[in-house]
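Chemist: Turn this into a structure:
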Amino acid sequence: MRKAIYLTVLITALGIITVTAQKRSSSYSSQSYTTALGVKFYPGAVSLKHFVNNTTALEGLGYFWNKGFRITGLYEIHGNINGAPGLKWYIGPGAHVGFYNDKYGGATSVGIDGVLGLDYKINAAPINLSLDWQPSFEFGNKYGNGFAGNWGGFAVRYTF
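Modeler: Residues are numbered from 1 along each chain as shown. As a prediction, the model looks like this:
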């Protein structure tokens with residue numbers, strides 16, 4: 001019961017923050033690249049980010065870590081930071097599915113994610129950098145069940 005209440009509050013808060021951020025950013029934001037592919041450090045992921053319009057992007061992540069493999073999809077709302085060309089903030093919801101290795105029971109789990117971060121496109125080079133925090137709530141097995149605040153990281157991507 002406590003988990004259901006916590007999950008409901010988390011989903012509601014993410015939804016409110018996402019809608020508020022999207023309304024606030026839509027009048028003054030634009031991206032300087034369309035698609036970027038690269039790596040995210042900690043715990044280690046392949047990252048593909050694609051803007052669907054001037055303020056929203058979809059990001060897919062394939063994480064590899066000591067407990068197994070995890071696939072995450074994020075919906076990100078971006079906004080400019082005044083006085084800092086190329087630097088943007090972003091926020092949004094997402095979901096993941098995790099596959100634990102045999103040492104951790106070989107289980108599969110699912111969960112919901114949030115993301116909060118900064119995104120920077122280097123003007124003179126086809127390079128994008130980002131730093132984010134990606135809290136998640138996982139269901140499905142004893143090794144990953146519950147809240148985890150240790151996801152996210154530093155990404156380096158090639159833009160095209």
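Chemist: tell me the average confidence for the helix or strand harbouring A155?
Modeler: A155 is located in strand 152-159, with elements delineated by DSSP states H and E. On average, the pLDDT along strand 152-159 is 96.
Chemist: Please point out which parts of that strand sit buried.
Modeler: The neighbour-count check on strand 152-159 (16 or more other C-beta atoms under 10 Å) flags G152, G153, A155, R157, T159 as buried. In this view, the C-beta of every residue, glycine as well, is placed from N, C-alpha and C.
Chemist: before we move on, what about stretch 108-122?
Modeler: Within stretch 108-122, the residues scored as buried using 16+ other C-beta under 10 Å are S109, G111, I112, D113, G114, V115, L116, G117, D119, Y120, K121.
Chemist: Likewise for stretch 72-92?
Modeler: Neighbour-count burial for stretch 72-92, counted by 16+ other C-beta under 10 Å, picks out 72, 74-80, 88-92.
Chemist: Determine how far stretch 106-126 lies from the middle of the whole chain.
Modeler: Centre-to-centre, stretch 106-126 and its host chain are 3 Å apart (C-alpha atoms, centre = their mean, to the nearest Å).
Chemist: I'm done for today, thanks for sticking with me.
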